[in-house]
Each structure stands twice: as structure tokens, then as C-alpha cells.
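Asker: what would the 3D arrangement of this be:
(chains A and B)
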Number of protein chains: 2
Amino acid sequence: MVHLWQTEKKRMKLRGDLPLDLKTGRIDMTHGSGGRAMAQLIERIFARAFDNPALAENNDQARLDFPVGKLAFSTDSFVVSPLFFPGGDIGSLAVHGTVNDVAMSGAKPLWLSAGFIIEEGFPLSDLARITDSMAAAAVKCGVAIVTGDTKVVERGKADGLYINTAGIGAVPDGVDLSAGNVKPGDAILLSGPIGEHGMAVMSRRENLSFDSEILSDSAPLHGLVETMLAAGAGIHALRDPTRGGLAAALNEIAQAANVGMRIDEREVPVSPAVQSACEILGLDPLYVANEGRLIAFCKADDSGKLCDAMRRHEQGRKAAVIGRVVEDRHNFVEMHTILGGRRIVDWPAGEPLPRIC
Amino acid sequence: MVHLWQTEKKRMKLRGDLPLDLKTGRIDMTHGSGGRAMAQLIERIFARAFDNPALAENNDQARLDFPVGKLAFSTDSFVVSPLFFPGGDIGSLAVHGTVNDVAMSGAKPLWLSAGFIIEEGFPLSDLARITDSMAAAAVKCGVAIVTGDTKVVERGKADGLYINTAGIGAVPDGVDLSAGNVKPGDAILLSGPIGEHGMAVMSRRENLSFDSEILSDSAPLHGLVETMLAAGAGIHALRDPTRGGLAAALNEIAQAANVGMRIDEREVPVSPAVQSACEILGLDPLYVANEGRLIAFCKADDSGKLCDAMRRHEQGRKAAVIGRVVEDRHNFVEMHTILGGRRIVDWPAGEPLPRIC
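Answerer: Residues are numbered from 1 along each chain as shown, chains lettered A, B, ... in the order given. This next block holds a predicted model:
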């Protein structure tokens, strides 16, 4: 076979099938072709970053031992622009976002898939930086990225890079969190100050600088959820208020549970930096995206206990009880304002902040 | 609360928050904003098409009862262009593609996630046509689309629509199919004629017409796999030869198992229409994508039994034993040609057929 091998070597040389140049190389259409260039990209970038036994089996699917019980399954595509922003990047965001969606069921996140749609010409160095960030976030979340896919589209047919992640988690026995479980009388808790992710992305996109830089709150919430479940409070539902902000999340749950919400503006934590940035841009922090916050609905009697437990966790230091659930056949979210009035917190209308996640 | 409700009605009217126009309406940025327009899109298009109890819970994740045992998990993004092609569309393809990746582990596919990245201006009627096609394909595959996500990007930042699906399946007890299990001496079987998906997409994209229209082979393979497992043959691995065609799939397995492959060109089924279309375009059918074919590796002694079982299934009517696995430290795939010579079937180089899936 020596002669064949030599022919092969010559061929490789002829067609420039050389090692990936991670410093100055760029994605081209061959990286999505199913050929050797794609195999090389997977090996040098993805497999290196996400290394784990399921992925190393080199199959088109991961085979995994699932513990007995209920499974949580979620997906999110990430199209955030810019790809790198203060406090995070599309890679860590793609891990945190799906880990959080899985965790909101009370599940322990276990595995992620990752699908990449990459624009021709995308710098390999940026891709490696992003996969490194994903890998680090996955380690922090205790999840493995066990299966993936890569597509390359022509220049102008994407905006650098889009990432989809899907996640699987195991719901502990006896845990039943769902929007439909929320009841009139429930207390509404929020884990921390709102609007930081959205304003961090906006500030980078619009080249705004504020007195103090606003960092994205992008963070995994599974640990906070575990702490909350252990507190023995009667939790009915959790939700992370991402796109559309706190306003969208409250309206979604109000509609799903056929209830109303009454929020107290004084209790909703907003940092001074976010507050002033929002004022400059004419935005309402209630509508700005978060990527490391959650809202919880629990029995009113347990709200103090739950809030205390949240405050003992890194991701819930500034947790607060922000309102309560009421009967309301119109499913309105109404806010008592600092000035003593009240106003409807409506669904977001229009799109003040596109491509925020 | 009547006064509030009236204010709300007025507001809805003012901002044109009217029912979706499925006939002539188009996607705009509000459909990705997390607001009411997105909720309406999800309800009218996605929830309607994919209706099932897990999805109807309106959570950011699906909660599912997983049977005891091993789980298979896979993902694929679909960027095929054009979105509609002879024999299929991006919707059915997105279901079949991931169902097949899951099935190649021997698993019974159970659930899919669906992530949509939609370009601003995309016709709602096309979106509904595609989700209907996905829903029909899911029914045919016995899977439920249980969780999803929608992102909208600005005009020019995508090419109509990209879909990611991730899939979960349950691997039957005792089934262990993996590329790494392939051994020298194994027989190599192919379930049917190659190149039909790729040539169907190419013909539509390039506005080519041939004497007989070539239809995509896009189809679910889980039923064929079930039949094959029931045949009691010693199957070591399955793979669906998609992007990069049969050539890429054989090279991938050869490398993963550290073996070589010897293929007999006379035994590889190619339809006359694909053969002549490939000749016109200067393509080799070995490198053209399939979306409803599989290759199987089994003990040589069982190859007859397995081939017979495959031929009794709708998706394996033209199954054939096309070659055998050999020891080869260079992992070459070598083909004995019809003319009596032999040639290396190399990895695909370059990208003759971008955006085929």
C-alpha cells in the first residue's frame, strides 16, 4: 500500500490540505462540506474544546446513561450581536441560556448539543475563542457538550456565527415546576437586579460608554435552583426573564396560569448604571433582557424562607419579593409605581433591542 | 378593571396588534422580540402544527418520562437552499435528518426540539407550509416536537430560514452500535441507490431539468433500523451517508475504527437518472448527499440474512452488500471499478455541493 499512501500525501499537498491556521485562518465553504476540512475543523476546534467520552465516540449521536425518572429538554438559538460583549460572549451565553431553560424545571442539567451555522470568512481564531468560552461555561455548569453539527453558509448569508444549543436534564423525584401551577396568592420573587445583559450588549453595539461599565449578568442558574429546592419552600414555577425582560416573563406566566400579577416597583432591583443608561436610551428596564436572573412563584407563607435561601447563594445575593399573584381574568400585570400610582406592565411591543441573545 | 381593559384594547388597535395574516403576512423583527407578536407566532404557527402535551405546558423546556436505559442524543442544523425541492422541503428534512442520526445508534427516536432562525421579511405562508411539513414528518416518525425557539434576524442576515433540530431516542437494551465497533472482515451493506437527495436539490437550484425528475430520497430510517435489529444479524455500526455522500461516510468510519474499506463499484446502486445528471455536471455520485440511505457494518456470515431483511422493508428494497472491511493502517477506502481497476475513494475535497442539507 506504500504507493497509494505516497499518492495520497502528494494529493494532500496539491490541494493545500494543511493544518488549520488558528491565528489568521478563516472559515471557507469546505469546512461545511463533510470532507476532510470539516473533519479537521471538528477535531482541532470542537473536539479539542468540548472533549468528553460521548463525543469521542465519533458517532452522529451521543449515547448516554439516563437516570431513572423525568427528563427536561430545551433548546435555544443564539444570534446575539456583537458576538463578544462586556461580561460574556455568544459561546458562554449559548451554554448558560440552555442550562437555565433546563434548570427552570428544577432539573439538574446534564448534556448539551451544539449546532453551529458559520458564515464563510469567519476568523478561526474567533471560533476557537468562542468554543473555549463554551467549554469553560460547560465545565462550570457541570454539563458535557456531547454532540454537535457544523454548517457553513456563503458570505452574506449569516452574520458571523449563530449557535443553537439543546439541553437535557434530570428532574429530581417529586419536583413539579410549571407555569400552569402558579396560583392566586403566590408570592413573586426575583433573584437580582434586572436589565444588565441587555444594556451590556446595547452599550457595546452602540459604542456607548457610561460612567461605570455595565457587565452582562449572563450566568448559570442551576446552582441557585438547587439551593432553592433544598429550602423546602412550596415553589410552583420558575422562569428566567430573558428576551422581553421581566415584563414578558410575567405576562407569559400570567397568561399560562390564567392569573394576574401585582408588582411593587420599589422592590424591583435595578442598578444605578442600568437605570441611567435606560434613561439615556429611552428604555424601560422591565423590558430589557436578562441572562442570569430568575423569577420564582411560591406559596405566600414560604416567601421569606425562600428569599433568605436565595440570598445565601452567589446568584441570588439581591433577591427580593417583588409582588404577588392575583385572580384576574384579563391576566394583567400591574405595577404600583414609586410615585404612588399604578400602571399596566404590558407585553413588549415593537422591538427596541433586537439580537440580544 | 374594565377601564384598564379598555385602555389595553385601544393600545392593541393603535399598535396594529391584529391577528397574523397567514396568506400575505411576513416575518418582522417583532416576531423575535419576546413580545406579544412572538407569542402569537408561536401559538398560531408552531403550537398549532406541533401540538402535544409537553409543548402545551408553555414552559421554556419540555418535561418527559424517559424509559429506563441508554439515551441517544443528536443535533443537526439545516440550511438547505432552496427551501423547497423535489421530494421534500427544509421542514421534513429537519425531522428526517435528526431522526436518522438518532436511529443510527439503534435507538427508537422519541422527541425533537426545533430552533428557528428566520430572516425578517420571510413569508408567513411559507413558514406555515414548512411547519406543517415538519409536523407531518414527525407523525410519520412517531416523534413529538416538544420544545422550540424562534429568533428573527434582520434582512440580509440569513437566507430565509434556518432550522436546528435536536433529537432524543431510547437505545434498546443490549444494542451497541458504534463506529468504533467496526472490525476487519465485516461486510458493508448499503440500503439503496445513492445521490438522489443531492441531485434533487441541485436540479432545483440550477433550474436543470432531466428526462425524469429526480426526487430527494429524504425519508426516516428508524423503521428500517428496527427491522434490521430484529433480523438477529451481528450489526456493529450504522451510518447515514449525508453530506459528502457515501465517500465521506466510509472514510469517517474507516478512520474512527482504524480500518480500511474495499468497495465493489458494480454493487453500489445508482439510478440511471442520477448517473446521467452527475455526468452532465461532472459530479461523482459517491460524493453526493443522501437523506434516506444508510450503510451497515455486520459480521460477514450474517450479511445475506441482513440484506434479505433490509429488502423486505420499504426503505431497503434495493439494499446490497457493497464491500468489506479490511485491516489498513492508512484507513484507505479503495474501490474496485467496473472497468476492472481500483482507485482510492478519498475524502471529499472542496465543496461542489454547498447548502445541500
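
Asker: would you mind giving the domain segments of chain A?
Answerer: Here the domain assignment for chain A is A:2-59+A:69-170, A:179-344, based on automatic domain parsing.

Asker: list the contacts of A:Asn59.
Answerer: B:Met104, B:Ser105, B:Ser178, B:Ala179 (Cβ atoms under 8 Å, 6 or more residues apart in numbering or on different chains). Bear in mind the C-beta positions are built from the backbone N, C-alpha and C, glycine included.

Asker: from A:Tyr287, how far out is it?
Answerer: A:Asn59 is 43 Å from A:Tyr287, where distance means Cβ to Cβ, to the nearest Å.

Asker: now A:Phe84
Answerer: Taking Cβ to Cβ as the measure, A:Phe84 falls 24 Å from A:Tyr287.

Asker: for the residue lying closest to A:Ala277 once chain neighbours are set aside, give me its contacts.
Answerer: Computed as Cβ to Cβ, 6 or more residues apart in numbering or on different chains, the closest residue to A:Ala277 that is not its neighbour in sequence is A:Met199, at 4.9 Å. By Cβ under 8 Å, 6+ apart, the contact set of A:Met199 is A:Ile214, A:Ala273, A:Val274, A:Ala277, A:Cys278, A:Leu283, A:Val288.

Asker: please redo it, this time with the cut-off set to 7 Å
Answerer: With contact taken as Cβ atoms under 7 Å, 6 or more residues apart in numbering or on different chains, A:Met199 is in contact with A:Ile214, A:Val274, A:Ala277, A:Cys278, A:Val288.

Asker: nearest to A:Gly244, of these?
Answerer: Distance to A:Gly244, by Cβ to Cβ, is smallest for A:Val288 among the contacts of A:Met199, at 9.1 Å.

Asker: in the stretch 251-357 of chain A, which spans are helices?
Answerer: Secondary structure of the stretch 251-357 of chain A (DSSP state H, counting those that start in this stretch): helices located at A:272-281, A:303-311.

Asker: most tightly surrounded among the ones you listed?
Answerer: Among the helices of the stretch 251-357 of chain A, judged by mean count of other Cβ atoms under 10 Å in any protein chain shown, the one packed with the most neighbours on average is helix A:303-311 (a mean of 18).

Asker: so which residues of the stretch 201-350 of chain A form strands?
Answerer: Residue ranges of the strands in the stretch 201-350 of chain A, as given by DSSP state E, counting those that start in this stretch, are A:235-239, A:260-264, A:295-298, A:320-326, A:333-336, A:342-344.

Asker: repeat that for the stretch 51-200 of chain A.
Answerer: Listed in chain order, the strands of the stretch 51-200 of chain A (DSSP E, counting those that start in this stretch) span A:62-66, A:69-78, A:84-85, A:88-89, A:108-119, A:144-153, A:161-171, A:187-190.

Asker: for chain B, what's its nearest residue on the stretch 1-150 of chain A.
Answerer: A:Gly34 (2.6 Å; Cβ to the nearest Cβ).

Asker: and the closest residue to that residue other than its chain neighbours, what pLDDT?
Answerer: Distances taken as Cβ to Cβ, 6+ apart put B:Gly244 closest to A:Gly34, at 2.6 Å, once the chain neighbours are dropped. You'll see B:Gly244 listed with a pLDDT of 90.

Asker: neighbours of B:Gly244, just the number please.
Answerer: A count of neighbours around B:Gly244, defined by other Cβ atoms under 10 Å in any protein chain shown, yields 27.

Asker: got a list of what it touches?
Answerer: Under the criterion of Cβ under 7 Å, 6+ apart, the neighbours of B:Gly244 are A:Ser33, A:Gly34, A:Gly35, B:Tyr287, B:Pro348.

Asker: sorry, back to before: in CSV: the helices of the stretch 251-357 of chain A, plus mean pLDDT.
Answerer: Conversion of the helices of the stretch 251-357 of chain A to CSV gives the following (pLDDT from 0 to 100):
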stretch, mean pLDDT
helix A:272-281, 92
helix A:303-311, 98
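
Asker: the closest residue to A:Thr131 other than its chain neighbours is in what secondary structure piece?
Answerer: With sequence-adjacent residues excluded and distances taken as Cβ to Cβ, 6+ apart, A:Thr131 is closest to A:Ala49, at 3.8 Å. Secondary structure assigned from DSSP states H and E places A:Ala49 in helix A:48-50.
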